[in-house]
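Chemist: With the input below, show me the fold.
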Amino acid sequence: MDIPRPDQTKAKRKKRILLAAGIVVALAVITVLLARLKPAAPSVERNLVWIDTVKRGEMLRQVRGLGTLVPEEITWIAARTQGRVDKIVLRPGADVSETSVILILTNPDVVRAATDADSQLKAAEAELANLKVTLESSVLAAESTAATAKADYEQAKLRAEVNDQLFQDGLVSPLEMRLTKVTAEQAATRNTIEQKRYAFAQDSIAPQLAVKAAEVDRLRSQAKLRQDELDALTVRAGMTGVLQLLPVEVGAQVQPGTNLARVADPHRLKAEVRVAETQAKDIQIGQPATIDTRNGIAAGKVSRIDPSVQNGTVTVDVTMTQELPRGARPDLSVDGTIELERLNDVVYVGRPAFGQEHSTVGMFKLDADGIYATRTQVQLGRSSVNTIEIVNGLQPGDRVILSDMSQWDANDRIKLN
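Modeler: Sure thing, here's the model as predicted:
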């Protein structure tokens with residue numbers, strides 16, 4: 001006998017529907033949970049990044065630049081006349097004094113001009129001496145004539161007085177008396193003229209001698225100029241120091257104004273430091289500086305700031321306030337550090353590889369566990385060579401990564417291994 005079985009079709013369908021609904025709900029829950037999960041933080045090797053701790057205290061602002069040592073006193077010796085280099089006596093590196101002969105030039109025209117000028121001067125001096133003698137002789141002659149005229153006048157005057165007395169006594173005729181008076185008057189006139197002539201002769205000496213003396217002075221100056229040009233053919237150092245440069249060789253033809261040698265005092269050196277134009281705005285004359293010659297460090301102070309910018313840098317002269325280390329010499333490459341100011345009680349950290357002063361940058365700040373680092377917006381202030389002021393975003397004790405993290409710009413969180 002057949003036993004009827006219950007229909008299982010509906011039960012199986014219902015079971016499959018419930019199973020599918022459960023799977024759909026589970027997938028939805030998993031999707032929501034996965035969407036809420038943060039992406040995995042990329043890993044960064046700890047020994048490949050530079051980590052520094054934020055501090056509070058005194059911050060020293062400095063700027064740094066490369067430079068060279070140059071002499072404070074340099075003399076370029078230039079040719080005064082055209083000539084040919086006949087002999088080189090000293091070579092670069094030699095110690096020289098003011099009278100040390102460096103090289104000798106030759107120029108026959110200069111020698112001849114000096115000789116001619118000297119001859120003209122001697123001739124003019126002889127003419128001046130001759131003129132002086134001639135004028136003195138003419139004055140003596142005028143003086144003699146004046147003395148004779150005066151004596152004649154005195155005699156004629158005396159004779160007229162005697163005849164006048166005799167005329168009163170009736171011993172001389174009126175005609176004789178008148179004749180002696182006329183003679184006396186004539187002698188007086190002649191005496192006056194001769195005295196004026198004598199005075200004129202005396203007064204005319206100085207102007208005539210002055211004219212000739214001026215000519216002699218002109219020729220003397222010209223002779224001195226020609227002699228100086230002749231002496232300049234023997235090129236001397238003109239100062240105590242070291243011969244640094246000699247850009248000519250034997251046989252070379254030089255023109256007036258050509259630089260023949262450079263002499264400098266190696267004991268008085270200053271540093272010319274080239275600072276980036278963006279960092280030079282706060283440099284002032286008198287600020288302290290240190291110069292590193294790579295063989296020692298010496299102190300100095302800013303003495304001059306070049307007003308122009310060349311190749312993106314500003315040249316700053318640093319005068320040394322203490323003796324340079326041994327081995328310092330002109331053209332030696334040095335590192336210069338200039339102290340701008342000291343900031344008291346500020347929050348600061350090592351200068352990062354990115355970001356300029358007075359800007360806002362994103363920096364990775366390490367969590368308390370030191371494993372993860374989170375990007376934090378940090379407002380920067382004034383900067384120095386190795387440090388920078390923190391205006392906002394970090395507190396003393398925070399640890400941040402200062403290395404270039406640009407390759408992780410898309411991540412706000414990293415993991416340090």
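
Chemist: Quick one, grab the pLDDT at Val216.
Modeler: We have a pLDDT of 93 for Val216.

Chemist: Could you check how many residues crowd around it?
Modeler: Here the count is done by other Cβ atoms under 10 Å, and Val216 has 21 residues near it. All C-beta atoms are positioned from the backbone trio N, CA, C, and that covers glycine.

Chemist: any idea how far it is from Ile51?
Modeler: Applying Cβ to Cβ, to the nearest Å, the value for Val216 to Ile51 is 88 Å.

Chemist: residues in contact with Ser204?
Modeler: Residues counted as contacts of Ser204 (Cβ atoms under 8 Å, 6 or more residues apart in numbering) are Leu135.

Chemist: Please enumerate the helices of the stretch 151-300 of the chain.
Modeler: 174-232 (DSSP state H, counting those that start in this stretch).

Chemist: For it, give me the ranges with low pLDDT.
Modeler: Scanning the stretch 151-300 of the chain for pLDDT under 70 picks out no residues.

Chemist: and Leu131, how many neighbours does it have?
Modeler: 16.

Chemist: Contacts only, for it.
Modeler: By Cβ under 8 Å, 6+ apart, the neighbours of Leu131 are Gln208, Leu209, Lys212.

Chemist: any idea which of those has the most stuff around it?
Modeler: Lys212 (19 neighbours).

Chemist: buried ones in stretch 254-262?
Modeler: Using 16 or more other Cβ atoms under 10 Å as the test for burial, stretch 254-262 gives Val254, Thr258, Leu260, Ala261, Arg262.

Chemist: swap that for stretch 178-188, sorry
Modeler: Neighbour counts over stretch 178-188 (16+ other Cβ under 10 Å) mark Thr180, Lys181, Thr183, Ala184, Ala187, Ala188 as buried.

Chemist: swap in stretch 373-385?
Modeler: Ala373, Arg375, Val378, Leu380, Gly381, Arg382, Ser383, Ser384, Val385.

Chemist: what's the burial count for Ala94?
Modeler: With other Cβ under 10 Å as criterion, Ala94 counts 15.

Chemist: Now it, what are its backbone angles?
Modeler: phi -80, psi 140 (degrees, to the nearest 10).

Chemist: Just give the closest residue to it, not the sequence neighbours.
Modeler: Leu243 (4.8 Å; Cβ to Cβ, 6 or more residues apart in numbering).

Chemist: and if you look at Lys150?
Modeler: Nearest to Lys150 is Asn191, by Cβ to Cβ, 6+ apart, at 5.1 Å.

Chemist: Distance of that neighbour relative to Asp369?
Modeler: Distance from Asn191 to Asp369, by Cβ to Cβ: 132 Å.

Chemist: and Val378, that's in a strand?
Modeler: Yes. Under DSSP: H, G, I helix; E, B strand; the rest coil, Val378 falls within a strand.

Chemist: That one touches Asp398, doesn't it?
Modeler: No. Using Cβ atoms under 8 Å as the test, Val378 is too far from Asp398 to be in contact (9.6 Å).

Chemist: Asp345 and Val54, how far apart?
Modeler: For Asp345 relative to Val54 (Cβ to Cβ), the value is 14 Å.

Chemist: Of these two, which one has the most company?
Modeler: Val54 (19 against 8).

Chemist: quick revisit: mind giving me a markdown table with the contacts of Leu131 and columns for distance to Ile104?
Modeler: Converted to a markdown table, these look like this (distance: Cβ to Cβ, whole Å):
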| residue | distance to Ile104 |
| --- | --- |
| Gln208 | 45 |
| Leu209 | 42 |
| Lys212 | 38 |
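
Chemist: now, which of the residues you listed sits nearest Val70?
Modeler: Lys212 (52.9 Å; Cβ to Cβ).

Chemist: how about that closest one, what does it touch?
Modeler: Lys212 neighbours (Cβ under 8 Å, 6+ apart): Ala124, Glu127, Leu128, Leu131.

Chemist: Kindly recompute the last result at 7 Å.
Modeler: Neighbouring residues of Lys212 by Cβ atoms under 7 Å, 6 or more residues apart in numbering: Glu127, Leu128, Leu131.

Chemist: do Met363 as well
Modeler: The neighbours of Met363, taking Cβ under 7 Å, 6+ apart as the test, are Pro352, Thr376, Val378, Val400, Ile401.

Chemist: Quickly find the element holding it.
Modeler: For Met363, the enclosing helix or strand under DSSP states H and E is strand 360-366.

Chemist: Can you give me the buried ones in that strand?
Modeler: Met363, Phe364, Lys365, Leu366.

Chemist: again with stretch 185-203
Modeler: So, applying 16+ other Cβ under 10 Å, buried residues of stretch 185-203: Ala187, Ala188, Arg190, Asn191, Glu194, Gln195, Arg197, Tyr198, Ala201.

Chemist: same question, stretch 264-280
Modeler: Residues Ala264, Asp265, Leu269, Lys270, Ala271, Glu272, Val273, Arg274, Val275, Gln279, Ala280 are the ones in stretch 264-280 that count as buried (16+ other Cβ under 10 Å).

Chemist: Skipping its backbone neighbours, what lies nearest the third one in space?
Modeler: By that I understand Leu269. Leu69 (4.7 Å).
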